[in-house]
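A.B. asks: pasted the sequence and its predicted model underneath.
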Amino acid sequence: MSGRGSGEGTGLDDHDAEDRARGRQIRIWAVVSGVVLVAAVAILVAVMVGSDDGPDAAPTASTTPPVASATSTPSAGGADPATPTATAPAEPSATPTGEPTQPAASTPPPTGGQQTATDVFTPRLVWEPSTSAIEGAAVMGSIVEQGGSCTVVAERGGEVVESEPFRAQADAQSTVCGGLTLSSERLVAGDWQVRVHYESADAVGDSAPTTVTVG
C-alpha cells in the first residue's frame, strides 16, 4: 500500500511539474508575442511619420509675408531710382487764334426795310353801273403773308384817282385782295387805265394796267 501510494504521489508531482512547465512556456510566448506586436506597431508608426515628412507631403503655407527688395538698379543717367519722376502734362496741340466762330443765324438778318417785288394779278376789274364804281380783285401768287394792303388806282389824261387801302388775306398758296371798290365823283365817263397796287412791310408790286370804260 505504501509503495503504491508513493508511486501515485510521484506521478502527481510529475504531472504538476509538466503543467508548470507548460504554463511557463505559455507565459513566455505571450510576452514574446506582446513584444513583437509592440515592435510592429512602432515600425508602422515610424513608416507613417516618415511618409508624412517625405517629398510627397503637402507643402506647409508660410505665414511670413514677402519682403520687397529695396535694391534697385540705377539708370544710366544716374537718377535716383527711389525718387519718382514727375512727367509734365503735354500742352494742347492746337492754340485757338482769332475770334471764336459765331453760330450761323437761323433767320436772315433784316434788310433795313427793303421790300421784295411781287407779281400782282387782276382776274377781274370792271365798271359796275349799279354802284357807280370800279370793282375787282387781285391775287399775289408769289407770296403768302398777312398785313399787306391793296389800292385800286385809275388814271386818265393825267388824272389819278385812288381808293382806300383794302386789307389783304393769305390763303394756302397766295395772298388775295377781294371785294375791291373804287368810287369817286372824279370818275367821269370814258376809258380809264386801272391797276392794283399791293404793299406790305416785305413786298411791293403793281398789276398790269387794264382798260375800264366808265359810264
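C.D. replies: Everything's here; your move. Numbering: from 1, shown residues only.
A.B. asks: tell me the contacts of Ala117?
C.D. replies: Counting by CB atoms under 8 Å, 6 or more residues apart in numbering, Ala117 makes contact with 203-205. The way it works is simple: take the backbone N, C-alpha and C, and place the C-beta from them, glycine included.
A.B. asks: all strands for this protein, in order.
C.D. replies: Ranges of strands in the chain, per DSSP state E, are 116-117, 121-128, 133-140, 149-156, 159-162, 166-167, 169-170, 175-182, 190-199, 203-206, 210-214.
A.B. asks: which strands and helices sit next to the last one?
C.D. replies: The helices and strands touching strand 210-214, judged by 3 or more CB pairs under 8 Å, 6 or more residues apart in numbering; DSSP states H and E, are strand 121-128, strand 190-199.
A.B. asks: of all those strands, which one is nearest Leu180?
C.D. replies: Between Leu180 and the helices and strands packed on strand 210-214, the shortest separation by CB to CB is 6.7 Å, and it involves strand 190-199.
A.B. asks: what does the closest one contact?
C.D. replies: Applying CB under 8 Å, 6+ apart, the contact partners of strand 190-199 are 115, 118, 120, 122, 125, 134, 136, 138, 140, 148-156, 161, 168, 175, 177, 180, 182, 204-215.
A.B. asks: wait, Thr122 touches Ala138, no?
C.D. replies: Yes. Under the criterion of CB atoms under 8 Å, Thr122 makes contact with Ala138 at 5.2 Å.
A.B. asks: looking at these two, which is more packed in?
C.D. replies: More neighbours surround Ala138 than the other of Thr122 and Ala138, with 27 against 21 (other CB atoms under 10 Å).
A.B. asks: shouldn't that one be in contact with Val176?
C.D. replies: Yes. Counting by CB under 8 Å, Val176 is a contact partner of Ala138 at 7.4 Å.
A.B. asks: is it true that Asp206 touches Thr118?
C.D. replies: No. Asp206 lies out of contact with Thr118 (CB under 8 Å); the separation is 9.6 Å.
A.B. asks: can you report phi and psi for Ala201?
C.D. replies: Backbone torsions of Ala201, given as degrees, to the nearest 10, read phi -70, psi -30.
A.B. asks: tally of neighbours for it?
C.D. replies: 10.
A.B. asks: pLDDT at the nearest residue to it once chain neighbours are set aside, what is it?
C.D. replies: Nearest residue to Ala201, sequence neighbours excluded (CB to CB, 6 or more residues apart in numbering): Gly147, at 6.5 Å. You'll see Gly147 listed with a pLDDT of 95.
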